[in-house]
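Asks: Pasting the sequence and the predicted coordinates here, then a few questions.
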Amino acid sequence: MNDPTRLRWGILGAARVNERLLPAIVEADNAELVAIASRRPGAAAETLAKYAPERREVRVYDGLEALLDDERVQAVYLPLANREHAEWTLRAIARGKHVLCEKPLALTVADIDAIRAAADRHRVLVMEGFMYRFHPQHGRALDLVRSGAIGELRSVRASFSFLLRPARSYRVAESVERGGGALWDIGCYAIHSIRMFFDQPPARVTAMLHWAANGADLSGSGVLDFGQGRFAQFDFSFERARRSEYEVIGTAGGLKCHTVWQLPGDIPVLSWWTEDGCSHEERLPPANHFRREVEHFSACVLHGKAPALSLADARDNCRTLLAVLRSAAEGRAVALTD
């Protein structure tokens with residue numbers, strides 16, 4: 001019998017991220033995994049057996065359309081290739097499914113506008129899957145900044161990187177126009193985490209990228225101009241050791257998040273200091289941001305609330321990423337109004 005207190009989920013793809021996401025759906029208090037699909041024969045069954053072997057009642061499909069036709073499925077998690085996100089989000093919406101789509105939601109602003117219009121028409125919720133935002137450490141960081149503890153916000157620096165291993169070479173198999181490369185994969189985190197602290201999109205973007213021969217970017221760096229002397233620096237790379245951190249500087253102090261991508265058992269650490277010589281280090285309880293993301297989206301659907309990450313937020317992030325690409329290609333600062 002269907003439980004009205006639990007949202008029934010299907011997973012549209014057997015991607016590697018299921019290592020974290022599939023158990024998060026299974027463990028969530030208000031979610032139930034009912035189906036998983038893949039176009040690769042046997043891959044859905046293999047993924048379920050690997051990450052949730054006890055869930056024998058979950059249906060497995062060797063085809064994505066079959067899962068969308070499953071009336072038990074109320075919401076889908078979509079971890080397909082970046083270039084397929086918009087297409088399959090729209091297909092799911094047309095079937096009346098709510099969608100949590102792995103970032104990036106789309107590669108063009110026009111596609112995000114189409115998704116927003118379709119979601120409104122079919123009365124479903126869609127959210128871009130930036131899971132890190134659901135870890136409590138970022139809420140605490142925002143509270144500290146907004147409280148004025150470090151004065152007026154002046155700058156943010158975000159750095160995301162890891163050394164790309166051969167097993168992950170699929171991340172650079174496509175050109176940036178088809179969703180490949182470091183910007184769409186991890187640079188989007190740098191941009192998104194910076195934007196978290198500002199109440200507006202950047203006015204201008206200046207960026208440089210290091211390219212692979214096939215048109216995928218491997219590393220990038222740049223500056224976002226938020227006006228009134230407020231700047232943000234970002235860097236991301238598949239060619240450097242692992243980092244996922246941001247630092248916020250105000251007129252009276254600063255704050256640092258040492259590890260943005262937290263594993264469920266990790267102890268998050270926030271450091272902050274003020275000009276008068278005081279320094280603080282806060283250690284927060286561990287949390288599973290994938291599970292919290294699933295529980296948040298499930299609660300929004302079940303109780304008719306708007307998701308914390310809106311489609312307007314997804315649109316602004318996409319606009320900024322496209323400005324990064326244009327700035328790097330043209331060798332100049334690009335205004336988001338260009």
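Replies: On my side now, so go ahead. Here the structure is a predicted model, which means the values were calculated and not measured.

Asks: Residue 334 touches residue 321, doesn't it?
Replies: No - counting by C-beta atoms under 8 Å, residue 334 does not reach residue 321; the two are 11.5 Å apart. Quick note: C-beta positions are derived from backbone N, CA and C, even for glycine.

Asks: Look up the closest residue to residue 233, ignoring the ones flanking it.
Replies: What sits nearest to residue 233 in space, not counting adjacent residues and going by C-beta to C-beta, 6 or more residues apart in numbering, is residue 157, at 4.6 Å.

Asks: residues contacting the one you found?
Replies: With contact taken as C-beta atoms under 8 Å, 6 or more residues apart in numbering, residue 157 is in contact with 232, 233, 234, 246, 247, 249.

Asks: Of those residues, keep whichever come out buried.
Replies: 232, 233, 234, 246, 247, 249 (16 or more other C-beta atoms under 10 Å).

Asks: Next step: the residues you listed restricted to strands.
Replies: 232, 233, 234, 246, 247, 249 (DSSP state E).

Asks: Could you export those as JSON lines, including distance to residue 226?
Replies: Below are these laid out as JSON lines (distance: C-beta to C-beta, whole Å):
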{"residue": "232", "distance to residue 226": "7"}
{"residue": "233", "distance to residue 226": "12"}
{"residue": "234", "distance to residue 226": "12"}
{"residue": "246", "distance to residue 226": "15"}
{"residue": "247", "distance to residue 226": "16"}
{"residue": "249", "distance to residue 226": "13"}
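
Asks: In the stretch 1-150 of the chain, mark out all the helices, start to finish.
Replies: Using DSSP state H, counting those that start in this stretch, the helices of the stretch 1-150 of the chain run over residues 18-27, 43-51, 64-68, 85-94, 109-122, 136-146.

Asks: Out of the ones you listed, which is closest to residue 162?
Replies: helix 18-27 (15.3 Å; C-beta to C-beta).

Asks: which residues are contacting that closest one?
Replies: Helix 18-27 is contacted by residues 9, 11, 31-33, 36, 47-48, 51-52, 55, 77, 79, 131, 288, 290-291, 293-294 when judged by C-beta under 8 Å, 6+ apart.

Asks: Just those: which are in strands?
Replies: Per DSSP E, strands hold the following members of these: 9, 11, 31, 32, 33, 36, 77.

Asks: Can you check what pLDDT the model gives the closest residue to the fifth one other than its chain neighbours?
Replies: This means residue 33. Spatially, and ignoring its direct neighbours in sequence, residue 33 is nearest to residue 25 (4.7 Å; C-beta to C-beta, 6+ apart). Per-residue confidence (pLDDT) for residue 25: 97.

Asks: now residue 338
Replies: Residue 338 carries a pLDDT score of 63 in this model.

Asks: Next: residue 17.
Replies: On pLDDT, residue 17 comes in at 88.

Asks: go on, residue 1?
Replies: 54.

Asks: on that earlier part again, let me have the ones in strands among the contacts of helix 18-27 in a markdown table, extended by distance to residue 272, pLDDT and neighbour count.
Replies: As requested, the ones in strands among the contacts of helix 18-27 are exported to a markdown table (distance: C-beta to C-beta, whole Å; pLDDT from 0 to 100; neighbours: other C-beta atoms under 10 Å):
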| residue | distance to residue 272 | pLDDT | neighbour count |
| --- | --- | --- | --- |
| 9 | 37 | 98 | 29 |
| 11 | 38 | 97 | 29 |
| 31 | 34 | 98 | 25 |
| 32 | 40 | 97 | 20 |
| 33 | 39 | 97 | 27 |
| 36 | 42 | 97 | 28 |
| 77 | 34 | 98 | 28 |
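
Asks: circling back to that earlier point, can you tell me which of the contacts of residue 157 is nearest residue 72?
Replies: Distances from residue 72 to those, taken by C-beta to C-beta, are shortest for residue 246, at 40.2 Å.

Asks: What is the neighbour count of the closest residue to that closest one other than its chain neighbours?
Replies: Once flanking residues are discounted, residue 246 sits nearest to residue 158: 4.3 Å by C-beta to C-beta, 6+ apart. Neighbourhood size, residue 158 [other C-beta atoms under 10 Å]: 28.
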